[in-house]
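K.L.:
prediction below, plus the sequence it came from.
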Amino acid sequence: VGGTILSALFLPEYISVGASGGIFGLIGACIADICINWSLLFSKHVNDSGDGTRFRHVRVLLWLLFDIVINCLVGLTPFVDNFTHLGGMVYGFLCGLSTIERLSTDFFGIAKSKCERARNVIVRFAGLILSVVLIMITTAVLVDSSGTGSPCINC
């Protein structure tokens, strides 16, 4: 939804269809999941085997970033909408911050401090509030626009 709103806002003279904004939203949610559970994904307590599985999450993150770069380069071709791609990823990341369940540290036998619990609650609410506010702002700007030009002069 966020990618479609940004596309309609920045490219009002074009109609954009397809699932790429939603796919980039899922990529953004995957990046949010990796960021949220970073300390557990790279913990020696969780990944203590010596067969190279400890760094598999780094490979996943690198593949996601590689996928983003390739798709943005493909977006430079005609009739491909990068605003939908990047908007979907940003909104997917923000929605992922607020909705993705945190991994339980108790399962791995790692004690969790009150500071970490407070940080998780703050990050979850900040992601929720920021994503709702950004959707409201971009929708208000879209409704207020004339539909004849882009607010970005160089776009």
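P.N.:
Looks like it came in fine.

K.L.:
show me how far stretch 73-92 is from its chain's centre.
P.N.:
Here stretch 73-92 is found 13 Å from its chain centre; the criterion is CA atoms, centre = their mean, to the nearest Å.

K.L.:
start the count at 383 instead of 1 going forward.
P.N.:
Right, with 383 as the first residue, what we last looked at is stretch 455-474.

K.L.:
what residues sit buried inside it?
P.N.:
By neighbour count on 16 or more other CB atoms under 10 Å, the buried set for stretch 455-474 is 462-474. Placement of C-beta: from N, CA and C, glycine included.

K.L.:
flag the shaky bits of the chain, pLDDT-wise.
P.N.:
424-439, 486-494, 529-537 (pLDDT under 70).

K.L.:
circling back: tabulate the buried residues of stretch 455-474 (a markdown table), appending distance to Arg501.
P.N.:
Listed next are the buried residues of stretch 455-474 as a markdown table, based on distance: CB to CB, whole Å:
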| residue | distance to Arg501 |
| --- | --- |
| Val462 | 38 |
| Asp463 | 36 |
| Asn464 | 33 |
| Phe465 | 32 |
| Thr466 | 32 |
| His467 | 30 |
| Leu468 | 27 |
| Gly469 | 27 |
| Gly470 | 27 |
| Met471 | 24 |
| Val472 | 22 |
| Tyr473 | 23 |
| Gly474 | 22 |
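
K.L.:
quick one: those as CSV, columns for distance to Tyr396 and secondary structure too.
P.N.:
Shown next, in CSV, are the buried residues of stretch 455-474 (distance: CB to CB, whole Å; DSSP: H, G, I helix; E, B strand; the rest coil):
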residue, distance to Tyr396, secondary structure
Val462, 11, coil
Asp463, 7, coil
Asn464, 12, helix
Phe465, 10, helix
Thr466, 10, helix
His467, 14, helix
Leu468, 16, helix
Gly469, 14, helix
Gly470, 16, helix
Met471, 19, helix
Val472, 20, helix
Tyr473, 20, helix
Gly474, 22, helix
